[in-house]
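My questions are about this predicted structure, shown below with the sequence.
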Amino acid sequence: MPNQAAHNGQNAGATAAPDRVRAEDYREIVNTPTTYAWLIQHRILYGLVLLSASLVVGMAPNPTNKLDPRDQHWQVAIDPHKVIGYQSCEKCHASEVQTWKRTPHHETFLTLHRKQDAQQITAKLGIGNFKSESNCIQCHYTMDQVDNRLEAIAGVSCESCHGAAQDWVAVHNDYGGPNMTRAQETPEHRTQRFTNSIQLGMRNPVNVYLVAQSCYRCHTVPDEKLVNVGGHNAGSLDFELVSWSQGSVRHNFVRTDGKSNAEETPGRLRTMFIAGMIADLEFSMRATAKATEKATFGITAAQRTARSLERLKSAQEKLNHPILAETIQIASGVALKLNNREQLEQAASKVNEMGVRFGATARGEELAAIDTFIPPKNKWK
């Protein structure tokens, strides 16, 4: 499930922005005919700002490495002290929240601890409380500070995917003045609002790779003990970004002012598909880096990494895309083996740079060659 995944305690992504980013990577796409035009019109400036900040603020793979102070063994990917809860989002995003309440992401808060498989895992691990003292809080719950203590307040919720909102929600809600509406906001202000909110930690889908990261953090199940000892599955091996995000969990109401849950454009789906492949590669490599023994966790993570790389190569045969070429070169240069943690993590961080860059600069209309790879609607979950 998105976000709140276990991390390894190293802020591997906190490095300077890559000097590979060139001016020619940013081409004029103001007149692109798409329902996403209000984003596309300002993507050049946005891409430049995003790429300069992406690896030093809250969108890196290990943004803060905040520890739950009750138990130093458990790490969460969003700071519980900066969580404000889905109710704060609901004020402006009521349709989105109502859609979320019909998904497994919401239901896990009410049902996970009752499931037989989950109870068997916790018994093997000696876990007494799903929602406070277990590996479960890393992915299945949104943690918040309530009355000077931390507790789970929801399942996989808004902030699990978009980041703890305390620092960025005011910027996100400011359309240019106290009486301004989103419809009245100027293009220049919108661009600056996106830039500032992302710098403050928001995972805004204007760059689809930020959302893809949230998904793959947990769908790769980055916890060796949970898998090898607890018997948890070693990730959602059939997870693919388009099919898993465009079915029941899709909540695209902003473009229609809450009136309908809009489908993504073909160009956007292409970008999502490739971004998901890159994210799968990144987080499979990170999982492989954490393996300490030749057992289910490490073997599965390595196999998934190899599979992700081969799939990316297949897409590259169709696209001949420079960012994919560099991503493949990075991943091909590191060995998938035990005791190779530093090299794997370094390579994964470089793959992350490529993913963020792809999300900021890719043009969906130039990716049509992969249309036969993208899952059709009847495969969306």
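Structure's in. What do you need? Numbering: from 1, shown residues only.

pLDDT at residue 145, what is it?
Listed pLDDT for residue 145 reads 81.

how far away is residue 261 from residue 206?
The gap separating residue 261 from residue 206 is 19 Å, by CB to CB, to the nearest Å. (Glycine included, C-beta is placed from N, CA and C.)

And those two? Which one has more around it.
residue 206 (24 against 14; other CB atoms under 10 Å).

can I assume the more buried one sits in a helix?
No. Per DSSP: H, G, I helix; E, B strand; the rest coil, residue 206 lies outside any helix segment and is coil.

Can you pull out the low-pLDDT segments for this structure?
Applying pLDDT under 70 to the chain picks out residues 1-76, 133.

For it, just list every one of the strands.
142-146, 149-154 (DSSP state E).

In terms of secondary structure, what does the first one contact?
So that's strand 142-146. Here strand 142-146 touches strand 149-154, going by 3 or more CB pairs under 8 Å, 6 or more residues apart in numbering; DSSP states H and E.

Could you tell me how far the strand it packs on lies from the centre of the chain?
22 Å (CA atoms, centre = their mean, to the nearest Å).

same question, stretch 138-157
19 Å.

Show me what counts as buried in it.
138-144, 150, 152-157 (16 or more other CB atoms under 10 Å).

With just CA atoms, put it into CSV.
The C-alpha coordinates for stretch 138-157 follow below in CSV (Å, rounded to 0.1, in the frame of the first residue of the first chain):
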residue,chain,number,x,y,z
GLN,A,138,4.8,1.3,8.0
CYS,A,139,2.3,0.8,5.2
HIS,A,140,-1.2,0.0,6.3
TYR,A,141,-2.0,3.0,8.6
THR,A,142,-1.7,6.8,8.8
MET,A,143,-0.1,7.7,12.1
ASP,A,144,-0.8,10.9,13.9
GLN,A,145,0.0,12.6,17.2
VAL,A,146,-3.1,12.5,19.4
ASP,A,147,-3.1,13.8,23.0
ASN,A,148,0.7,13.6,23.2
ARG,A,149,0.8,10.0,21.9
LEU,A,150,1.0,8.5,18.4
GLU,A,151,-1.9,6.4,17.1
ALA,A,152,-3.3,5.2,13.8
ILE,A,153,-6.1,7.5,12.6
ALA,A,154,-6.8,6.0,9.2
GLY,A,155,-5.7,3.3,6.8
VAL,A,156,-3.8,4.4,3.7
SER,A,157,-5.1,7.9,3.4
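
ok so, going back, nearest to residue 239, out of the strands of the chain?
In terms of CB to CB, the element of these nearest to residue 239 is strand 142-146, at 20.2 Å.

and which of the buried residues of stretch 138-157 is nearest residue 214?
Among the buried residues of stretch 138-157, and counting by CB to CB, the member closest to residue 214 is residue 156, at 9.3 Å.

Surely that closest one touches residue 142?
Yes. At 7.1 Å, residue 156 and residue 142 qualify as touching, with contact defined as CB atoms under 8 Å.

re earlier: what two of the buried residues of stretch 138-157 have the greatest distance between them?
150 and 156 (17.0 Å).

separation between residue 322 and residue 362?
11 Å.

Please say which of the two ends up with more neighbours.
In this view residue 322 and residue 362 are compared by other CB under 10 Å, and residue 362 has more residues nearby, 25 against 16.

Which residues are in contact with the more buried one?
Counting by CB atoms under 8 Å, 6 or more residues apart in numbering, residue 362 makes contact with 271, 274-275, 321, 323.

Pop out the phi and psi values for residue 239.
phi -70, psi 130 (degrees, to the nearest 10).

Pull the number of nearby residues for it.
18.

Would you mind measuring from the spatially closest residue to it that is not a sequence neighbour to residue 254?
Distances taken as CB to CB, 6 or more residues apart in numbering put residue 219 closest to residue 239, at 4.3 Å, once the chain neighbours are dropped. Counting by CB to CB, the separation of residue 219 from residue 254 is 25 Å.

Residue 194 too?
Residue 194 is 12 Å from residue 254, by CB to CB.

go on, residue 380?
Residue 380 sits 20 Å away from residue 254, going by CB to CB.
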